[in-house]
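Trainee: have a look; sequence and predicted model below, questions after that.
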Amino acid sequence: MYIKRSIEKELIKWKNAESHKPILLRGARQVGKTQVVRHFSQQFEHFLEINFESDKKIHSLFDGNFHTSEIIENLSAIYNIPVISKKTLLFFDEIQTCIPAIQSLRFFYEQIPDLHIIAAGSLLEFAIAEIPSFGVGRIRSMYMYPLSFQEFLAAFGEEKLIELKNSSSPQKPVTQAVHEKLTTYLRKFFIIGGMPEVVASFVEFSDYSKCQRIINDLLISFNDDFAKYKRLVPVGRIRDVYLLSMPLVSVSMSQIII
């Protein structure tokens, strides 16, 4: 299930603008970066997705090579997908695992300014810290977060409810019945949270126990990721911060009454 995200409007504006710098889509793991780019790719004739975490062989194309036309030619041949300015969306996923690819973004803008490129990654601040020159003014950063309450409502198809909420004011409040419906959704939002996979599961099954299992899996995977950053931040320090937040999510959903 795909959940519509507010950032899509900004991506469409970027696509249609005369000048479109490469986008660096930043945010934590599992907030929906990859899904939103794949959905947005329907706006283009061609879509080429490169995952630097799984496609390790691609790293060598960027090793000391900032001749973007050569990189494009090789990528197009390897994946058998045409890369054409204004017609192809080029997506670099998990780009934080390939520092030279991050460096190449500024050169894509300088050498092939009409090509639409989106790069996504998590904890990019660590990777960017290793780059001598990031390309100020040549790369646009966009940030993605877990679902907002409005996106949460949209996941349930409550477009009319969103419209009434957004048009209300102290002078023109919503009716009591609408307020109660919004409050019910808000309680669910506080319990379920805004991680797309969890919300999608609840929309489909309305099962809090399934949501709890997904949240537990996410927490474990986040914990497992800490070791990746031990060179820059002591793992113990990351775990201390992590454990401070655990009381907020340790209550079983089965113990909460809506």
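Mentor: Looks like it came in fine.
Trainee: am I right that S76 sits in a helix?
Mentor: Yes - membership of S76 in a helix is supported by DSSP: H, G, I helix; E, B strand; the rest coil.
Trainee: what pLDDT is listed against it?
Mentor: S76 carries a pLDDT value of 97.
Trainee: doesn't P82 make contact with it?
Mentor: Yes - contact criterion CB atoms under 8 Å: S76 and P82 qualify, at 6.1 Å. Heads up, the C-betas are built off the backbone N, CA and C, glycines and all.
Trainee: neighbour count for these two, which is higher?
Mentor: Between S76 and P82, counted using other CB atoms under 10 Å, the more crowded position is S76 (17 against 12).
Trainee: list the contacts of the more buried one.
Mentor: S76 makes contact with L48, P82, V83, according to CB atoms under 8 Å, 6 or more residues apart in numbering.
Trainee: element containing the residue nearest to the first one when sequence neighbours are not counted?
Mentor: With CB to CB, 6 or more residues apart in numbering as the measure, I81 is the residue that lies nearest to L48, at 4.5 Å, once sequence neighbours are left out. Using DSSP states H and E, I81 falls within no helix or strand.
Trainee: burial of the closest residue to Q43 other than its chain neighbours, as a residue count?
Mentor: Spatial nearest neighbour of Q43, excluding adjacent residues (CB to CB, 6+ apart): K15 at 5.9 Å. Residues lying near K15 (other CB under 10 Å) number 14.
Trainee: can you give me the helices for the protein?
Mentor: 7-16, 33-40, 59-62, 68-79, 99-111, 124-128, 149-155, 159-167, 176-192, 196-205, 208-225, 235-249 (DSSP state H).
Trainee: contacts only, for the residue nearest to L48.
Mentor: I81 is in contact with H46, F47, L48, T88, counting by CB under 8 Å, 6+ apart.
Trainee: for this structure, which residue occupies the most central location?
Mentor: With distances taken as CA atoms, centre = their mean, the residue of the chain nearest its centroid is K33 (2.1 Å).
Trainee: sorry, back to before: possible to save the helices of the chain as CSV with distance to L24?
Mentor: Below are those laid out as CSV (distance: least, CB to CB, whole Å):
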stretch, distance to L24
helix 7-16, 12
helix 33-40, 11
helix 59-62, 15
helix 68-79, 16
helix 99-111, 7
helix 124-128, 7
helix 149-155, 21
helix 159-167, 29
helix 176-192, 29
helix 196-205, 20
helix 208-225, 20
helix 235-249, 23
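Trainee: least confident of the ones you listed, on average?
Mentor: Ranked by mean pLDDT, those end with helix 235-249 at the bottom, a mean of 68.
Trainee: quick check: closest non-adjacent residue to P173.
Mentor: Ranked by CB to CB, 6+ apart and with sequence neighbours excluded, the top spatial neighbour of P173 is H179, at 7.5 Å.
Trainee: cool, and Y79?
Mentor: Y79 sits nearest to L48 (CB to CB, 6+ apart), 5.7 Å away.
Trainee: with F47 instead?
Mentor: Computed as CB to CB, 6+ apart, the closest residue to F47 that is not its neighbour in sequence is S41, at 3.8 Å.
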